[in-house]
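Novice: below are the sequence and a predicted model; questions follow.
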Amino acid sequence: MTRTRFDLPVLTLGGAALLSSVFTFSSGGPAPVEFIHIRGAGLALLLIFGAAAVAAGITRLRLLAIIAGAGLVLAAVLQLVQADQNVNWLSGDASTVALMGGLGIGLLAVTLTRRHSISAHPVSTTQDRTPDDESDRSA
């Protein structure tokens, strides 16, 4: 099985979590543009778990990727439970649920799914036989 130096799917999803924090800032124009409504603790969790996923992708630590994915999923569930409530610990809304849930489920999916690499020389399922083996069988 060929191994790369980095775990690219985990690294990509962690990078997406970090880069998505850019969309939380307003454009500064006359009408605010907010693609993702996330502030305070929710933004901090997104950055922490995103950084953990990037570190897991670089170091190929599967457990760290699982922790980052599970943390994002739990944060999404917490935000979903607190929708339209007086208490909103993560300072988010449905876009927060979608972002954190999607990234968390994606991290868990790529981490918990067994991956096989395609090699240039596939492994043969039959035994390699030599002419000597054939002569032994005919005797």
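Specialist: Looks like it arrived, so ask away. Numbering: from 1, shown residues only.
Novice: CA atoms for contacts and neighbours, from now on please.
Specialist: Noted.
Novice: how far away is residue 8 from residue 21?
Specialist: Separation of residue 8 from residue 21 (Cα to Cα, to the nearest Å): 20 Å.
Novice: helices and strands around the strand or helix carrying residue 109, which ones?
Specialist: According to DSSP states H and E, residue 109 maps onto helix 94-112. Applying 3 or more Cα pairs under 8 Å, 6 or more residues apart in numbering; DSSP states H and E, we find helix 94-112 packed against helix 8-20, helix 40-59, helix 62-81.
Novice: next, format those helices as a markdown table and append mean neighbour count and distance to residue 109.
Specialist: Compiled in a markdown table, the helices and strands packed on helix 94-112 are given as follows (neighbours: other Cα atoms under 10 Å; distance: least, Cα to Cα, whole Å):
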| stretch | mean neighbour count | distance to residue 109 |
| --- | --- | --- |
| helix 8-20 | 20 | 10 |
| helix 40-59 | 21 | 13 |
| helix 62-81 | 21 | 9 |
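Novice: flag every buried residue along the helix holding residue 109.
Specialist: 96-108, 110-111 (16 or more other Cα atoms under 10 Å).
Novice: please list all residues in contact with residue 82.
Specialist: Residue 82 is in contact with residue 88, counting by Cα atoms under 8 Å, 6 or more residues apart in numbering.
Novice: what sits up against the helix holding residue 109?
Specialist: So helix 94-112 is contacted by 9-10, 13, 17, 35-38, 42, 46, 53, 62, 65-66, 68-73, 75-77, 79-80, 83 (Cα under 8 Å, 6+ apart).
Novice: now it - C-alpha only, PDB.
Specialist: C-alpha atoms of helix 94-112 as PDB (Å, rounded to 0.1, in the frame of the first residue of the first chain):
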ATOM      1  CA  ALA A  94     -28.500  27.100  11.300                       C
ATOM      2  CA  SER A  95     -25.500  28.100   9.200                       C
ATOM      3  CA  THR A  96     -23.300  27.200  12.100                       C
ATOM      4  CA  VAL A  97     -25.000  23.800  12.300                       C
ATOM      5  CA  ALA A  98     -24.500  23.200   8.600                       C
ATOM      6  CA  LEU A  99     -20.900  24.200   8.600                       C
ATOM      7  CA  MET A 100     -19.800  22.400  11.700                       C
ATOM      8  CA  GLY A 101     -21.900  19.400  11.000                       C
ATOM      9  CA  GLY A 102     -20.700  19.000   7.500                       C
ATOM     10  CA  LEU A 103     -17.100  19.400   8.300                       C
ATOM     11  CA  GLY A 104     -17.400  17.100  11.300                       C
ATOM     12  CA  ILE A 105     -19.300  14.300   9.400                       C
ATOM     13  CA  GLY A 106     -16.800  14.700   6.600                       C
ATOM     14  CA  LEU A 107     -13.800  14.300   8.900                       C
ATOM     15  CA  LEU A 108     -15.400  11.200  10.600                       C
ATOM     16  CA  ALA A 109     -16.200   9.700   7.200                       C
ATOM     17  CA  VAL A 110     -12.700  10.000   5.700                       C
ATOM     18  CA  THR A 111     -11.100   8.900   9.000                       C
ATOM     19  CA  LEU A 112     -13.300   5.900   9.800                       C
END
